[in-house]
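> Based on what follows, work out the 3D shape:
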Amino acid sequence: QVQLVESGGGLVQDGGSLRLSCEVSGGTNSAFAMGWFRQAPGKEREFVAAIGRYGITTIYGDTVKGRFTISRGNAKNTAYLQMNNPKPEDTAVYYCVAQPNIATIRTANYWGQGTQVTVSS
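Predicted structure coming up:
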């Protein structure tokens, strides 16, 4: 059974930095494309970023482009979201997702439990 575990959430000041981590376990030995979504109270879930199975392809949501960076770790099926210059409107629960192919990451089958990120002004 595929499981995703996020870590690294917390409180960060406006303009600071924070790094989220995600690790996939279980399932097959195949590499997954991985990504992040977020959801703020009263708002719809929003796509943040995704990275392909081999770390070559990355895609970003318009609201985070230029500020956040997604990368893969050395261990298979780990990913990071480096949040630079976060703003109060980035406050949300961040969810890690995994999917066999980045082309379908926006309808990912596998989701983590989420980690809260709060940006103070």
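
> So the residue most central in space within the chain versus residue 50, what's the distance?
Closest to where the C-alpha atoms of the chain average out (C-alpha atoms, centre = their mean) is residue 36, at 2.6 Å. From residue 36 over to residue 50 the distance is 7 Å, taken as C-beta to C-beta, to the nearest Å. For every residue, glycine as well, the C-beta is placed using N, CA and C.

> which neighbours do the two share?
70, 97 (C-beta atoms under 8 Å, 6 or more residues apart in numbering).

> if we can go back for a sec, could you find the closest non-adjacent residue to the residue nearest to the centre of the chain?
residue 48 (4.2 Å; C-beta to C-beta, 6 or more residues apart in numbering).

> ok but the one you found is inside a strand, no?
Yes: assignment of residue 48 by DSSP: H, G, I helix; E, B strand; the rest coil places it within a strand.

> Contact partners for it?
35, 36, 37, 38, 60, 61, 64, 68, 81, 94.

> now swap in residue 64 and tell me
With contact set as C-beta under 8 Å, 6+ apart, residue 64 has these partners: 48, 49, 83, 90.

> Residue 81: neighbouring residues, count only.
Residue 81 is flanked by 27 other residues according to other C-beta atoms under 10 Å.

> Revised request: answer the last question for residue 65.
10.

> and it, how far is that from residue 25?
Noted for residue 65: a distance of 30 Å to residue 25, by C-beta to C-beta.

> Ok, residue 12 next?
Separation of residue 12 from residue 25 (C-beta to C-beta): 27 Å.

> Show me what the residue nearest to the centre of the chain bridges to in the sheet.
Residue 36 has these beta-bridge partners by DSSP bridges: residue 49, residue 96.
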